[in-house]
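[1] Here is the input, now give the coordinates:
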Amino acid sequence: MDIQNKYNAKNTTTVPTTNKEMSSETHEGALRAEPLTFWEGVSIIVGCNLGAGILSLAYASRKAGWPVLVTCLVVAGICTTISMLYLAEVTFRTKKPLQLSGLAEKYLGKLGSWAIFIAVTINALGCLIAYTTGSGEILCDLFGIPPLLGSLLFFIPAVGVIWVGLKCIGTAEKYILAGMFVLLGLLIVATFIGPGINIEYITFYNIYYSIPVFSMTIFCYVSQYCVPELARGFVASGNAKKLPAAITTGMVTTGLILAIVPAVALGLSGPDNISEIATISWGKALGQWAAFVANGFALCSMLTSFWAIGGTYFTNIIDKLKFPSESDPKYRTIAILIMAVPPFLLAYSKFGSFVNALYFAGAYAGAIMSILPVLMLKKARKLGDKEPEWTSGALAHPIIQSIIIILYCGGAVYATLSLMNILPQGW
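    Numbering: from 1, shown residues only. Below you'll find the model as predicted:
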């Protein structure tokens with residue numbers, strides 16, 4: 001009987017699984033998949049990118065000039081978008097819901113997983129520290145309350161939205177972004193019908209400072225970290241094939257806003273009078289009401305980016321520490337505490353040099369995020385466990401991948417040389 005059973009098993013014909021059947025297969029994991037609409041996905045991408053970086057781009061590019069900034073925004077935006085599409089395909093080829101660190105471990109092993117997790121942690125800590133201190137200073141300026149209290153008033157509800165989950169983040173991002181566009185529109189209209197802008201301030205350029213500006217623009221496009229969550233959300237809603245369009249729409253929208261704000265701020269104040277936080281000099285030039293509106297815009301930009309980056313860091317913690325379930329209140333609380341407490345404590349400690357070091361460490365995080373998605377895509381195409389709903393096709397050509405790696409790694413090299421005072425920091 002045993003011999004006959006073995007013979008039958010050996011000669012049983014396996015019916016091939018169709019692509020449609022494979023793409024519908026899913027595995028349960030620690031991370032839950034919450035459905036996202038197209039515009040919620042776009043909002044998360046834009047909200048993630050529009051953090052503190054948009055407020056400092058005008059100052060950072062004052063020596064290079066606005067044309068150089070726009071060129072860098074276009075190049076960095078295209079490279080980052082393509083890299084995001086690589087990550088989308090990797091996620092689509094994987095049955096089990098995983099975050100970046102989990103995907104890296106599946107396709108690149110533990111070393112790749114730790115490299116990605118460290119990059120995510122560095123990026124998240126730097127951004128969350130900046131948003132915590134920045135929000136406290138803005139609320140202090142607006143209402144005269146202590147910065148610590150202002151940070152708490154910002155921090156607690158911001159963390160609360162992350163606690164509720166991805167769907168809540170997407171919905172909140174959508175409405176806050178709508179408010180931001182209204183505030184930005186008011187400032188732009190008031191600028192043009194009031195003092196106006198000086199064309200000379202936004203037409204000069206100096207390519208000598210283009211590399212540090214490019215490095216700065218890379219740090220403004222940080223939504224790479226959100227892609228696995230977005231992919232899970234679009235698959236859950238049955239709109240997986242719409243994710244590439246959402247990514248592209250979100251990145252183009254981001255690029256336009258990142259270009260418009262410095263143009264108006266520089267055109268109004270000039271490169272010699274621009275403040276490190278563009279909304280400060282903008283408000284001073286237009287009056288007290290504009291200062292209030294500009295600070296409101298800055299606060300919203302920090303809030304939307306806090307949600308996206310904090311939420312991504314939160315799920316990476318769950319994935320990396322291999323918690324059994326994102327929905328379990330105990331593990332959810334532990335992950336929230338790991339995500340939220342350190343940046344708040346560091347924001348109000350005396351570790352100024354630590355925060356400064358995070359800027360340079362961010363360059364290396366960018367280099368990691370240029371190399372590993374390429375390697376993950378190559379492995380996922382060989383070892384992926386399901387047919388993807390979408391592929392990046394010709395965008396994965398080796399020449400394109402090489403250009404992305406060279407540009408991002410070049411930013412890391414420049415940051416190192418500028419730290420050693422061999423090359424200028426540029427601002």
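[2] Might you report the residue contacts of the closest residue to Gly270 other than its chain neighbours?
    Computed as CB to CB, 6 or more residues apart in numbering, the closest residue to Gly270 that is not its neighbour in sequence is Tyr201, at 4.9 Å. The way it works is simple: take the backbone N, C-alpha and C, and place the C-beta from them, glycine included. The contact partners of Tyr201, taken as CB atoms under 8 Å, 6 or more residues apart in numbering, are 66, 266-271.
[3] which phi and psi does Tyr201 have?
    phi -70, psi -20 (degrees, to the nearest 10).
[4] And the one 5 residues further on, by the same measure?
    With angles defined as degrees, to the nearest 10, Asn206 sits at phi -140, psi 100.
[5] Does it touch Lys63 like I think?
    Yes. At 6.2 Å, Asn206 and Lys63 qualify as touching, with contact defined as CB atoms under 8 Å.
[6] Give me the more crowded residue out of those two.
    Taking neighbours as other CB atoms under 10 Å, Asn206 and Lys63 compare with Lys63 leading, 18 against 13.
[7] Can you tell me how far that one is from Lys96?
    Lys63 sits at a distance of 48 Å from Lys96 (criterion: CB to CB, to the nearest Å).
[8] Ok, Ala263 next?
    45 Å.
[9] Looking at the two, which one has more neighbours?
    Between Ala263 and Lys96, counting by other CB under 10 Å, Ala263 is the more crowded of the two (19 against 15).
[10] mind listing the helices for the stretch 151-300 of the chain?
    Ranges of helices within the stretch 151-300 of the chain are 166-193, 210-220, 227-236, 243-269, 278-286, 288-320, based on DSSP state H, counting those that start in this stretch.
[11] go on, the stretch 301-427 of the chain?
    Ranges of helices in the stretch 301-427 of the chain, per DSSP H, counting those that start in this stretch, are 329-347, 352-383, 398-419.
[12] Using TSV, lay out those together with mean pLDDT and distance to Glu105.
    Formatted as TSV, these follow (pLDDT from 0 to 100; distance: least, CB to CB, whole Å):
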stretch	mean pLDDT	distance to Glu105
helix 329-347	89	17
helix 352-383	75	10
helix 398-419	84	21
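[13] Tabulate those helices (TSV), appending distance to Thr315 and mean neighbour count.
    Formatted as TSV, the helices of the stretch 301-427 of the chain follow (distance: least, CB to CB, whole Å; neighbours: other CB atoms under 10 Å):
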stretch	distance to Thr315	mean neighbour count
helix 329-347	8	17
helix 352-383	17	19
helix 398-419	24	17
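[14] which stretch among these comes nearest Thr217?
    helix 398-419 (9.3 Å; CB to CB).
[15] Have a look at this structure and report its longest helix.
    In the chain, assigned by DSSP state H, the helix with the most residues is helix 100-143.
[16] just the angle between that helix and helix 329-347, please?
    Relative orientation of helix 100-143 versus helix 329-347 (axes from the mean of the first three to the mean of the last three CA atoms, to 10 degrees): 50 degrees.
[17] helices or strands up against helix 100-143?
    Secondary-structure packing of helix 100-143 (3 or more CB pairs under 8 Å, 6 or more residues apart in numbering; DSSP states H and E): helix 66-92, helix 147-164, helix 227-236, helix 288-320, helix 329-347, helix 352-383.
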